[in-house]
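*Asks:* Provide a 3D model corresponding to the input given below.
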Amino acid sequence: MSNIISIKNILFGYQEDKDVFKDFSIDIPAGVTTFIGQNGTGKSTLMLLAAGRILPEEGEITILEKNSKDITDEEELNRIASVIYQNMEFDTDEKIGDLLDFVYKSGHHSKNVDKNLVDEIIEVMDLKESLDKKTNIASKGEMQRVIIAFALLYGSPIILMDEPVFALENHQKDKIFNYIINYAHKHGINIIYSIHDLDISKKFCDNVVLFHKDGTVKTGSKDEILTKENIEEAYQVPMHLLYDREKLNRETILKSDLEKSSLKGKIIE
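*Replies:* Now for the predicted structure:
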């Protein structure tokens, strides 16, 4: 399987934490890839590097065989890779239904894509009752589904999603990720997503990047990587306690969102 992103010997750090990645290399294959690991291991930062949104101080990153440092035009970068940021907000006076049509018509799907794609995604994302709403009155979960729909309708060959469904119910997560993996395989689009829900990763991915606290990662197929031994080593907690930690983390994120706290500063997760 060919690699869509190649990261070679990079150095990257923030002002107070110089060595988030030091002499770090990884190849990300085509297909659907999930980033998993503890908080503070660099998942979000690596996602932004892989998307060309931030650049390494040393080393090289190629995205679909283009050096990220050479992609200086924002529109060209969006055509190659689009990003759903964690806790992303979108505020406009336009109706959601009109925005979905606009994003699809402005996007990069080939002409032979089924013209019913917009209706199909509206159905999967449960957005029929949202089409006449403006984004500034939509709920958090509703907006997460809208933003995922935007990314799929825009049709960049690589879509990166950072915790895209944390505000959704479990049945919604399964329905959406089942569609995402089938969409990716059908249209030849590559998806990279980070998530705290290990059940989602086990069910809906081709490849896994497992992050460790010491700055190393393990990569491979989900059958190779998502073993009890590998997960317990990476998370430093017995498997039977891990799901309690995931539940607590989701509740903390939702509480933070309700209190309107902003996620500013370092993006290291």
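
*Asks:* and the strands in the stretch 151-269 of the chain?
*Replies:* Applying DSSP state E, counting those that start in this stretch to the stretch 151-269 of the chain gives strands spanning 158-162, 190-194, 207-211, 217-221.

*Asks:* got those as TSV, with mean pLDDT columns?
*Replies:* TSV is the format used below for the strands of the stretch 151-269 of the chain (pLDDT from 0 to 100):
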stretch	mean pLDDT
strand 158-162	97
strand 190-194	97
strand 207-211	97
strand 217-221	96
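
*Asks:* can you put the ones you listed in CSV and add distance to residue 138?
*Replies:* Placement of C-beta: from N, CA and C, glycine included. Listed next are the strands of the stretch 151-269 of the chain as CSV, based on distance: least, C-beta to C-beta, whole Å:
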stretch, distance to residue 138
strand 158-162, 18
strand 190-194, 22
strand 207-211, 32
strand 217-221, 36
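
*Asks:* out of these, which comes closest to residue 131?
*Replies:* strand 158-162 (22.5 Å; C-beta to C-beta).

*Asks:* partners of the closest one in the sheet?
*Replies:* Counting by DSSP bridges, the strands paired with strand 158-162 are strand 81-84 (parallel), strand 190-194 (parallel).

*Asks:* mind listing what residue 176 touches?
*Replies:* Taking C-beta atoms under 8 Å, 6 or more residues apart in numbering, we find residue 176 in contact with 124-125, 145, 148, 165, 168.

*Asks:* any chance of the strands paired with strand 158-162 in JSON lines, plus mean neighbour count and distance to residue 155?
*Replies:* Output for the strands paired with strand 158-162, formatted as JSON lines (neighbours: other C-beta atoms under 10 Å; distance: least, C-beta to C-beta, whole Å):
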{"stretch": "strand 81-84", "mean neighbour count": "21", "distance to residue 155": "9"}
{"stretch": "strand 190-194", "mean neighbour count": "24", "distance to residue 155": "12"}
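
*Asks:* identify whichever of those strands lies nearest to residue 64.
*Replies:* Across the strands paired with strand 158-162, residue 64 has its closest neighbour in strand 81-84 (8.1 Å, C-beta to C-beta).

*Asks:* same question for the closest one, mean pLDDT?
*Replies:* Averaged over strand 81-84, pLDDT sits at 96.

*Asks:* stretch 225-236 too?
*Replies:* pLDDT averaged over stretch 225-236 gives 94.

*Asks:* in CSV, list the C-alpha atoms belonging to it.
*Replies:* Extracted in CSV, the C-alpha atoms of stretch 225-236 (Å, rounded to 0.1, in the frame of the first residue of the first chain):
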residue,chain,number,x,y,z
ILE,A,225,-1.4,-2.7,16.7
LEU,A,226,-4.7,-2.9,18.7
THR,A,227,-3.7,-5.7,21.0
LYS,A,228,-4.2,-5.7,24.7
GLU,A,229,-0.4,-5.6,25.3
ASN,A,230,0.2,-2.7,23.0
ILE,A,231,-2.6,-0.6,24.3
GLU,A,232,-1.8,-1.2,28.0
GLU,A,233,1.9,-0.3,27.2
ALA,A,234,0.9,2.9,25.5
TYR,A,235,-1.8,4.1,28.0
GLN,A,236,0.1,2.8,31.1
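
*Asks:* in it, what counts as buried?
*Replies:* Within stretch 225-236, the residues scored as buried using 16 or more other C-beta atoms under 10 Å are 225-226, 230-231, 234-235.

*Asks:* which of the residues you listed lies closest to residue 117?
*Replies:* Nearest to residue 117 among the buried residues of stretch 225-236, with distances taken as C-beta to C-beta, is residue 226, at 30.9 Å.

*Asks:* okay, the strands paired with strand 158-162 in JSON lines with distance to residue 95 next?
*Replies:* Listed next are these as JSON lines, based on distance: least, C-beta to C-beta, whole Å:
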{"stretch": "strand 81-84", "distance to residue 95": "21"}
{"stretch": "strand 190-194", "distance to residue 95": "27"}
